[in-house]
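>>> This is a predicted model, with the sequence first.
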Amino acid sequence: MEVVTRWNRSKLALCAIGLVFSLATLSPDALAADDAKSKSTGISKPVAEKLMAAYELMEADKLDASLAIVDELAKRRKLRAPELAQIHRFRGYILVNKGMTEQAAAEFEKSLAQKALDPGAEQVMMYSLAQIYTQLGKYDRALALMDTWFAAEENPKPDAYYLKAMILVQQEDFKAAVEPARKAVELSEQPRESWLQLLVVVYSQLRDYPNVATALERLIAVSPGKQQYWVQLAAVQKHLDREAKALATMQLAYGADLLHEDKELRQLARLLFLRQQPYECAEVIEDAIASGAVKADAESYRLMSNCYLAARENERALEPLAKAGELATDGDMYMLLGQMYLQRERFGPAVQALEKALEKSKPEQRGSVHLLIGVAQLGSERFEEAERSFRVAEDDAKVRRAAESYLRFLKEQRARHEQQQAQRGASRG
């Protein structure tokens, strides 16, 4: 569906640009724990104390001084694997805070390579590294880390499912992204707006429109003031042939003063027309044109006139029909206007409208227009002009028989008119 597809592409771009995660950081408690467990973890007390000093400097935003301590610590000889793992780990977090994410990723990889971290610290490290690689666009490595992380995690949080779904979306593996995107939403009591947006993207790419509608309904519940969700939901409902629901959605948004753009208001008017509420359709489009929200073009006036015609407000349909004819590139609206005047036996305005239609009509339409002009002229008893119009119409095979019939009728009318004229002359004499 065109509307949803365009929206999906824009959302994917936003996901790629706005992907920002809060990386886990070391806390004093974590370092104190490492210090207390130094004998069992293989980290000496001097190394733990240096790391604690570096941490305190980092907390004070003295990143260079903090990094200098860690770099000096790394130069020590005979460092054991647990100590190297913690040094690389801590250097990585300092570099993250300095905005040097690629260098930070390299340090985290070195820390993991030591295979000396306790399981909890290793899980935090892998998650942070997956976040960094996602920011850097290295999705294959990010996904591999998340798969390893999930295999060891007993109770994954919704954020983790969202991160994995995001990585899969960036890889355009929408089928695989469904499950983690859905779980991120289901496991959260109040799912974040961005999680529901991602779910809409995934379902849309898979053309699973019933689930797109459900996700959009939840998005509206989270952010009822955002008109794009209402418009998108109505578009999906219409695509699913749920026109009554689509109209109800748009009417709710209109009632909440959320519809201000040309396209949205036309969409609402068309839905009202399709659901046999033509008078409401005409009012919506007329008010929107008057306020400037909808462009006053041939199509908007055509829609307004059609709505008034369907509502049997024929007189009110004439003005927008005339404006549509003036703005249109073809003569169809002027031709319809001329026919409406003919039905009301308003022959003068009919001729004027049909002559304007003739100026804009296509060659294959001109015979029909000449025929109608002749009918209007005949109604005004302009017999000579009517005869000329019918003669021109005779040259068009599509309307030839009708033109010949009108010519015969014209002959009778002219004879009757002349007889009446003669009788009036004799009466006056």
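All right, it came through fine.
>>> can you give me the strands in the chain?
With DSSP state E, there are no strands along the chain.
>>> low-scoring pLDDT stretches of it, where are they?
For the chain, the stretches with pLDDT under 70 are 1-41, 425-426, 428-429.
>>> how close does residue 71 sit to residue 365?
84 Å (C-beta to C-beta, to the nearest Å). C-betas here are computed from N, CA, C, even on glycine.
>>> Looking at the two, which is more packed in?
Higher neighbour count among residue 71 and residue 365: residue 365, with 18 against 13, using other C-beta atoms under 10 Å.
>>> so what's that one closest to, chain neighbours aside?
Excluding the flanking residues, the one nearest residue 365 by C-beta to C-beta, 6 or more residues apart in numbering is residue 331, at 6.8 Å.
>>> what's near enough to touch the one you found?
325, 356, 357, 358, 359, 360, 361, 362, 365, 369 (C-beta atoms under 8 Å, 6 or more residues apart in numbering).
>>> Swap in 6 Å and give it another go.
Residues in contact with residue 331 (C-beta atoms under 6 Å, 6 or more residues apart in numbering) are 357, 360, 361.
>>> Verify the stated contact: the last one with residue 369.
I take that to be residue 361. Yes: counting by C-beta atoms under 6 Å, residue 361 touches residue 369, with 5.3 Å between them.
>>> More neighbours: which of these two?
Comparing residue 361 with residue 369 by neighbour count (other C-beta under 10 Å), the higher total belongs to residue 369, at 27 against 20.
>>> who touches that one in this structure?
354, 357, 358, 361.
>>> what about it, distance to residue 160?
Distance from residue 369 to residue 160, by C-beta to C-beta: 70 Å.
>>> Next: residue 70.
Counting by C-beta to C-beta - residue 70 and residue 160 are separated by 28 Å.
>>> Check residue 305 too.
57 Å.
>>> more crowded one of the two?
More neighbours surround residue 305 than the other of residue 305 and residue 160, with 28 against 20 (other C-beta under 10 Å).
>>> Hmm, that one is touching residue 322, no?
No: with contacts counted by C-beta under 6 Å, residue 305 stays clear of residue 322, the gap being 8.7 Å.
>>> circling back: so what does the residue nearest to residue 365 look like in phi/psi?
Taking degrees, to the nearest 10, you get phi -100, psi 10 for the backbone angles of residue 331.
>>> can I get the contacts of residue 369 in TSV with distance to residue 182?
Compiled in TSV, the contacts of residue 369 are given as follows (distance: C-beta to C-beta, whole Å):
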residue	distance to residue 182
354	61
357	57
358	61
361	57
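>>> Show me those that map onto helices.
Of these, the ones assigned to helices by DSSP state H are 354, 357, 358.
>>> ok, and the most crowded of these?
In terms of neighbours by other C-beta under 10 Å, the ones in helices among the contacts of residue 369 top out with residue 354 at 29 neighbours.
>>> coming back round to it: could I get the contacts of residue 331 as CSV with distance to residue 265?
Listed next are the contacts of residue 331 as CSV, based on distance: C-beta to C-beta, whole Å:
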residue, distance to residue 265
357, 29
360, 27
361, 31
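>>> Next, find the distance separating residue 284 from residue 361.
For residue 284, the distance to residue 361 - C-beta to C-beta - is 31 Å.
>>> Oh, that last question was meant for residue 115, not what I typed.
In terms of C-beta to C-beta, residue 115 sits 83 Å off from residue 361.
>>> hmm, back to that, closest to residue 103 out of the contacts of residue 331?
residue 360 (68.5 Å; C-beta to C-beta).
>>> Quick check: nearest residue in space to that closest one, chain neighbours excluded?
Nearest in space to residue 360, with sequence neighbours left out and distances taken as C-beta to C-beta, 6+ apart, is residue 331 at 3.6 Å.
>>> for the longest helix seen in the chain, packing partners?
Taking DSSP H as the criterion, the chain has its longest helix at helix 400-428. Judged by 3 or more C-beta pairs under 6 Å, 6 or more residues apart in numbering; DSSP states H and E, helix 400-428 is in contact with helix 366-379, helix 383-394.
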